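Undergrad: the following block contains a protein sequence and its predicted model.
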Number of protein chains: 6
Amino acid sequence: MPRLIEYKDMQPKAKAVVEGIAQARGIDPADINNVWKALAAHPSVMERFAGEMKAAFAPGKLDPLVKELIYLAVSITNQCDYCIASHGAMARAKGMTDEMHEEFMAVVLAAQKGNKITMAYRVPVDRAFEEG
Amino acid sequence: MPRLIEYKDMQPKAKAVVEGIAQARGIDPADINNVWKALAAHPSVMERFAGEMKAAFAPGKLDPLVKELIYLAVSITNQCDYCIASHGAMARAKGMTDEMHEEFMAVVLAAQKGNKITMAYRVPVDRAFEEG
Amino acid sequence: MPRLIEYKDMQPKAKAVVEGIAQARGIDPADINNVWKALAAHPSVMERFAGEMKAAFAPGKLDPLVKELIYLAVSITNQCDYCIASHGAMARAKGMTDEMHEEFMAVVLAAQKGNKITMAYRVPVDRAFEEG
Amino acid sequence: MPRLIEYKDMQPKAKAVVEGIAQARGIDPADINNVWKALAAHPSVMERFAGEMKAAFAPGKLDPLVKELIYLAVSITNQCDYCIASHGAMARAKGMTDEMHEEFMAVVLAAQKGNKITMAYRVPVDRAFEEG
Amino acid sequence: MPRLIEYKDMQPKAKAVVEGIAQARGIDPADINNVWKALAAHPSVMERFAGEMKAAFAPGKLDPLVKELIYLAVSITNQCDYCIASHGAMARAKGMTDEMHEEFMAVVLAAQKGNKITMAYRVPVDRAFEEG
Amino acid sequence: MPRLIEYKDMQPKAKAVVEGIAQARGIDPADINNVWKALAAHPSVMERFAGEMKAAFAPGKLDPLVKELIYLAVSITNQCDYCIASHGAMARAKGMTDEMHEEFMAVVLAAQKGNKITMAYRVPVDRAFEEG
């Protein structure tokens, strides 16, 4: 297990990162989740990841919930238990209903199958897609 | 390379599958893409996969483009070149702009990093997520 | 592309490895497949891998075809195109029929789905399996 | 952790799925394993997966134990702890001896190595395999 | 295939990124490798990745060649053909000899095996490592 | 959970393997770590893996710490929790400082990103790398 550093015990730089995330999520910095408590001991990795997450989830053309679903799809494919638990919760917080989750899972599982099928049968890419 | 069977040369069962897909996409069955030409020689796998894809992409609560993005996110994570090429083209056909693709990639890449970071630092799942 | 070294041009140690494989398969050493022509330039990796393959495919309790199917199942899961092509051919040479391949693929694809489902829904291992 | 729904508390559709599996395995539906208790809350995913598993393990040309070994090979490659635990137990129940498990692991591990070697040295597929 | 944009045709921002890389490597910007020609059409992904690479390979406590070997180990494990080809070449340019490559491969392959063995046998983490 | 066999209860062949490892690490055989206690019930897998590890970590051109970092990079990429915990501890024992770990993680994470970027954008290998 990594050392989890509580917000009040973090270095100023880590505190600033956590405050930014807490503000964006409308939560108390003391309630920040474990990944940030673990990263607090690794400031350069923490800062870069926080910056990347902030940019990825910045308001844009894609809906915040859609971004959570994309993140969750990657996490299921990579089999990251922590990320499935945390971003599953975040997707629900952003409006994912049971019905949407069921549809989401159907696409994720169909994709796993499509991926393995095209590899197993060694399907060449269509000329039309190459020219796209 | 697998044997690619053209629509006109397929068995009736495979033809029926292709016709269903072609109709749903508004294309000529002769223009069906390679994965189905390869699967035409494997009828039971073909039928099950076609059924699963149809169910996954059936109209529902999630937007068709969102489903394509979820499929594409899985395919990039699994590194399936065929699926990246084909579903990338389909996502664009369903309205994905360059700007959306840029945002999509930012989330996909942030997720890859988040997945590896939580594993590398062995971050335990938060109690709050366990109870969710 | 790696340098592919033909049998006649290999060092004595690599030649000996290739001769052992060729004899076991009943082929001419000159017809050895590319992986060994590539490994001929990397003698220590070549020797260890050849030894491991020989031990794994030595006569035992599992049928030679069953071993090929296990090897192929791993290769599809890992998405190794070379291994899918080569061990697919070897499985057919050892008796895999179209019908068996269809059944094999059904199990491989069901397993991919089962793997992702249990991760996505974070299913805890049954006590009965833990005690097994 | 997901909500695990006991058999007696499941909806009729989920109950029917569990009864089918229990009958096929000769067990009491109350003793169904956790993956089905978790899936009971996700009926469409449950039904599709149950159907796919039933078809994959239907009597055919491949021995039931061979199918378990193929499933297990995929699960180890994908590093799915639940599936390794459950299908390891099922393989033993279907007759896998220690000696067979040892041989099985030798092939699984040789395949992992073969997969990485051919990728690392970028070995091109043999013309003979392409034409196969 | 993606559109590859030559240095002379890039937007000013992409040109600046390429110039920075070319200078660090002591090459002509026109000779930049394909990944950057492809990324030139995706400026935000390009800038972030370039920044991350620059930071990762900045002079520090680890030798430049060691960093290349770490990058290559990840790329082989992920089976990224482009990255194996490009970072293999860079490792050689930074001093990797045949003998070092042979040792490197031995460790990479032993690790693949160790990873699968501990998963397959479901080995629990030692208390000593947890407390570390 | 697997049966963990303590050193004193192992068969002579397993004992010999453990003694060799303990001597090389300068530890008491009774303090051998769990992977070997689990493998003691699987002698042929144990012997082969022990032999492979010994050869991989034999004195050579690469520094012992560098080899640990390569092993750790593979283990993080494969998401093997046991291996991350054990080889992380070994890397620290061989001299990895916090600063080195931070640099190491930066390279590992940059590589994950580079791997996915080149796949997602389908970047073709440069002619220069092919000819290398």
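TA: Ah, there it is. Residues are numbered from 1 along each chain as shown, chains lettered A, B, ... in the order given.
Undergrad: for the top helix by length along chain A, what is the distance to the chain centroid?
TA: Once chain A is assigned using DSSP state H, the helix that runs over the most residues is helix A:98-120. Here helix A:98-120 shows a centroid-to-chain-centroid distance of 18 Å under the convention CA atoms, centre = their mean, to the nearest Å.
Undergrad: any idea of the mean pLDDT for it?
TA: Mean pLDDT, helix A:98-120: 98.
Undergrad: and that helix with chain E, contact?
TA: No - Helix A:98-120 stays out of contact with chain E when judged by CB under 8 Å from any CB of the partner chain, the minimum separation being 11.0 Å. Heads up, the C-betas are built off the backbone N, CA and C, glycines and all.
Undergrad: just give the closest residue to A:Phe57, not the sequence neighbours.
TA: By the measure of CB to CB, 6 or more residues apart in numbering or on different chains, the closest residue to A:Phe57 outside its immediate chain neighbours is A:Lys67, 5.8 Å from it.
Undergrad: mind checking the SS state of that neighbour?
TA: Reducing the assignment at A:Lys67 to three states with DSSP: H, G, I helix; E, B strand; the rest coil gives helix.
Undergrad: before we move on, back to that, which of the residues in the longest helix of chain A are buried?
TA: Neighbour counts over helix A:98-120 (16 or more other CB atoms under 10 Å in any protein chain shown) mark A:100-120 as buried.
Undergrad: that helix to helix C:98-120, inter-axis angle?
TA: Counting by axes from the mean of the first three to the mean of the last three CA atoms, to 10 degrees, helix A:98-120 points 140 degrees away from the direction of helix C:98-120.
Undergrad: about what we covered before: pretty sure the residue nearest to A:Phe57 contacts B:Val107?
TA: Yes - between A:Lys67 and B:Val107 a contact is recorded at 4.9 Å, counting by CB atoms under 8 Å.
Undergrad: so what sits against both of those two?
TA: With contacts defined as CB atoms under 8 Å, 6 or more residues apart in numbering or on different chains, the residues adjacent to both A:Lys67 and B:Val107 are A:56-57.
Undergrad: what does chain A have sitting close to chain F?
TA: Applying CB under 8 Å from any CB, we find that chain A lies next to chain F at A:42, A:44-45, A:48, A:78-80.
Undergrad: re the thing from before, from chain D, how far out is the residue nearest to A:Phe57?
TA: With the distance defined as CB to the nearest CB, to the nearest Å, A:Lys67 ends up 23 Å from chain D.
Undergrad: from E:Met1, how far off is that residue?
TA: 28 Å (CB to CB, to the nearest Å).
Undergrad: those two: which is more packed in?
TA: For A:Lys67 against E:Met1, the residue with the higher neighbour count under other CB atoms under 10 Å in any protein chain shown is A:Lys67, and the figures read 26 against 14.
Undergrad: list the contacts for the more buried one?
TA: Under the criterion of CB under 8 Å, 6+ apart, the neighbours of A:Lys67 are A:56-57, B:103, B:107.
Undergrad: format the residues you listed as a markdown table; extra columns: distance to F:Pro124.
TA: Compiled in a markdown table, those are given as follows (distance: CB to CB, whole Å):
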| residue | distance to F:Pro124 |
| --- | --- |
| A:Ala56 | 27 |
| A:Phe57 | 32 |
| B:Glu103 | 25 |
| B:Val107 | 25 |
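Undergrad: re the thing from before, from the residues of chain A next to chain F, which shows the smallest pLDDT?
TA: Confidence by pLDDT is poorest for A:Ser44 among the residues of chain A next to chain F, given 93.
Undergrad: so it touches F:Phe104, yeah?
TA: No - proximity of A:Ser44 to F:Phe104 does not meet the contact threshold set by CB under 8 Å, at 11.5 Å.
Undergrad: tell me which of the contacts of A:Lys67 is nearest to B:Asp126?
TA: Lowest distance from B:Asp126 to these (CB to CB) belongs to A:Phe57, with 18.8 Å.
Undergrad: got the contact list for that closest one?
TA: A:Phe57 sits next to A:64, A:67, B:107, B:110 when contact means CB under 8 Å, 6+ apart.
Undergrad: need the pLDDT of it.
TA: At A:Phe57 the predicted local distance difference test score is 97.
Undergrad: distance of it from chain D?
TA: Here the distance between A:Phe57 and chain D works out to 26 Å (CB to the nearest CB).
Undergrad: is stretch A:30-49 in proximity to chain E?
TA: Yes - contact of stretch A:30-49 with chain E is found when judged by CB under 8 Å from any CB, involving A:44, A:48.
Undergrad: ok, residues contacting that stretch?
TA: For stretch A:30-49, with CB under 8 Å, 6+ apart as the criterion, the contacting residues are A:2-8, A:10-11, A:13-14, A:17-18, A:21-22, A:50, A:82, A:86, B:110, B:113-114, B:117-118, B:121-126, B:128-129, E:52, E:55, F:101-102, F:105-106, F:109.
Undergrad: ditto for stretch A:8-28
TA: Applying CB under 8 Å, 6+ apart, the external contacts of stretch A:8-28 come out as A:5, A:7, A:29-32, A:36, A:39-40, A:43, A:46-47, A:50, A:53-54.
Undergrad: what average pLDDT does that stretch get?
TA: 96.
Undergrad: swap in stretch A:68-76?
TA: Per-residue pLDDT values over stretch A:68-76 give a mean of 98.
Undergrad: number of residues surrounding A:Gln23?
TA: Neighbour count of A:Gln23, defined by other CB under 10 Å: 10.
Undergrad: so who does the nearest residue to A:Tyr71 once chain neighbours are set aside touch?
TA: Setting aside the residues directly before and after it, A:Tyr71 is nearest to B:Ala111 in space (CB to CB, 6+ apart), at 4.4 Å. Under the criterion of CB under 8 Å, 6+ apart, the contact list for B:Ala111 reads A:70-71, A:74-75, A:78, A:83, B:73.
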